[in-house]
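Asks: just to be clear, the model below is a prediction. Sequence and coordinates:
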Amino acid sequence: MNILVAGGAGFIGSHTMVELLNAGYNVICVDNLYNSSNEAINRVEKITSKKVKFYLCDLIYIDKLNQIFLQEKIDAVIMFAGYKAVGESSTKPLEYYYNNLLSIMNMIEVMRKHNCKNLIFSSSATVYGQNVSVPITEDSYVGDLKNITNPYGRTKLMIEQILYDVANSDKDFKMIILRYFNPVGAHDSGLIGEDPKGIPNNLMPYIAQVAVGKRSELHIFGNDYNTKDGTGVRDYIHVVDLSIGHILSLNIFFNSDKKYTADGINNNIYIYNLGTGIGYSVLDVKNAYEKVANIKIPYVFDDRRLGDIDELYCSPHKAKNELNWVAKRDLFDMCETSYNFQKNNPKGYDDMNNHNIVFAERK
Ligand code: UFG
């Protein structure tokens with residue numbers, strides 16, 4: 001089976017490519033390397049001792065994407081590609097709508113043209129909006145764009161709607177929507193992990209950079225939330241567990257004797273939360289990191305960050321019951337692997353080793 005991984009050089013994409021290769025799938029990676037590194041692909045190959053076929057391609061160019069589908073027989077697509085910085089999306093809304101929406105629409109159009117009708121889409125807990133009660137089940141979805149605090153989140157919800165409409169119009173098109181909670185951690189090898197460009201927006205990579213002395217102190221955004229210690233509570237999920245969730249989801253396409261709960265007019269859309277179901281506060285994460293790294297993480301309390309909410313954690317039961325997916329790695333594993341990657345790669349990926357890029361020519 002050939003799986004096209006769009007955005008495969010990124011954080012979650014690279015870890016998923018490892019699990020796909022280990023499970024015996026062939027991997028075709030498509031990435032524009034805008035926010036990712038081809039060194040990640042080299043390292044995926046090193047971890048697995050298997051080859052990834054890589055196309056440097058921006059999904060906004062439909063002709064290039066079409067060319068790749070002409071060259072490869074694709075059985076399913078996993079769509080990670082997209083802009084993902086919450087804060088940046090408020091200052092560059094048009095870029096987010098243009099890139100994220102056009103990329104998925106081009107992907108679907110090309111898939112249809114080549115009769116490839118199996119798509120897994122990376123969605124986010126952000127689609128549940130601000131006024132949701134915890135634990136969040138897949139049914140908690142309210143679908144109100146005004147309830148989401150930033151353009152990035154709105155692109156995720158809009159894309160979910162597009163997938164519904166396409167699935168409703170074409171009974172053969174199977175769509176799986178995976179709603180991620182807070183992916184963190186790194187591969188056990190310490191070879192691949194999260195390598196944000198510039199100042200990290202998210203908690204765990206920020207702590208990692210404080211831990212290795214790259215940043216002086218952690219800024220905790222708010223200590224007056226309605227939570228056990230006043231800091232925000234989230235459902236952190238180890239990126240390897242998250243990646244395995246994608247491999248198990250592929251069974252919906254390729255091993256359909258089991259019963260999966262489907263949605264939509266044609267019963268061809270499947271939605272799962274991927275989180276542990278456990279909420280940890282910012283202080284919990286900081287304390288766990290200090291323990292595994294055996295260092296002090298200096299911190300200060302700052303004002304609340306705009307758009308943040310008290311707590312967000314899921315009910316992972318549907319994924320457990322139907323996909324047979326259980327998150328096995330705990331908060332200490334998340335911190336330990338994050339620290340290991342950061343120590344091994346204090347400056348992130350070294351882009352000196354150029355991967356053998358196959359360019360998709362425009363016709
Ligand atoms: N936080 C800090 N200091 C930091 C960064 C974060 O205190 O430097 C706090 C936040 O206020 C929040 C918690 O740590 O309480 C987690 O924040 P993150 O930025 O790591 O994650 P978010 O929950 O805000 O958002 C993440 C992804 C989104 C996704 C969302 C879904 O960035 O893409 O999870 O839950 F939509």
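Replies: Structure received.

Asks: Ala262 contacts Ile269, correct?
Replies: Yes - the pair Ala262 and Ile269 passes the contact test of C-beta atoms under 8 Å, sitting 6.3 Å apart. (C-beta placed from N, C-alpha, C; glycine too.)

Asks: between those two, which one's more packed in?
Replies: Here Ala262 and Ile269 are compared on neighbour count by other C-beta atoms under 10 Å; more neighbours surround Ile269, at 22 against 16.

Asks: what confidence value was assigned to that one?
Replies: Ile269 carries a pLDDT score of 97 in this model.

Asks: and it, backbone torsions?
Replies: phi -130, psi 130 (degrees, to the nearest 10).

Asks: distance check, it against Tyr260.
Replies: When distances are taken as C-beta to C-beta, to the nearest Å, Ile269 and Tyr260 turn out to be 11 Å apart.

Asks: contact partners for Lys343?
Replies: Applying C-beta atoms under 8 Å, 6 or more residues apart in numbering to Lys343 gives the contacts 190, 212.

Asks: what does the stretch 201-350 of the chain put close to the ligand?
Replies: For the stretch 201-350 of the chain, the residues found near the ligand under the criterion C-beta under 6 Å from any ligand atom are 201-203, 206, 219-221, 232, 234, 282, 305, 308, 312.

Asks: can you tell me which of those residues are buried?
Replies: Among these, those scoring as buried are 202-203, 206, 220-221, 232, 234, 282, 312 (criterion: 16 or more other C-beta atoms under 10 Å).

Asks: thinking again about what came up before, now, which of the residues of the stretch 201-350 of the chain next to the ligand sits nearest Ile3?
Replies: When these are compared for distance to Ile3, the smallest value, 26.7 Å, is given by Asn202; criterion: C-beta to C-beta.

Asks: the closest one and Gln209, how far apart?
Replies: When C-beta to C-beta is applied, the distance between Asn202 and Gln209 equals 11 Å.

Asks: ok, Asp263 next?
Replies: Asp263 sits 40 Å away from Gln209, going by C-beta to C-beta.

Asks: Leu248 now?
Replies: Leu248 is 32 Å from Gln209, where distance means C-beta to C-beta.

Asks: over to Ile62?
Replies: In terms of C-beta to C-beta, Ile62 sits 38 Å off from Gln209.

Asks: Met1 and Tyr25 touch, don't they?
Replies: Yes - with contact defined as C-beta under 8 Å, Met1 counts as touching Tyr25 (5.3 Å).

Asks: find residues that contact each of these two.
Replies: Contact with both Met1 and Tyr25 is made by residues Leu250, according to C-beta under 8 Å, 6+ apart.

Asks: what about the two, which has more around it?
Replies: Neighbours were tallied for Met1 and for Tyr25 using other C-beta under 10 Å; the higher tally belongs to Tyr25 (20 against 15).

Asks: pretty sure the more buried one contacts Leu4?
Replies: No - look at Tyr25 against Leu4 with C-beta under 8 Å: they stay out of range, at 10.5 Å.

Asks: low pLDDT regions in the stretch 251-363 of the chain?
Replies: By pLDDT under 70, the weakly predicted segments of the stretch 251-363 of the chain are 350-363.

Asks: now the residue of the stretch 151-300 of the chain found nearest the ligand: how far from Ile220?
Replies: Nearest residue of the stretch 151-300 of the chain to the ligand: Gly232, at 2.3 Å (C-beta to the nearest ligand atom). The span separating Gly232 from Ile220 equals 9 Å under the rule C-beta to C-beta.
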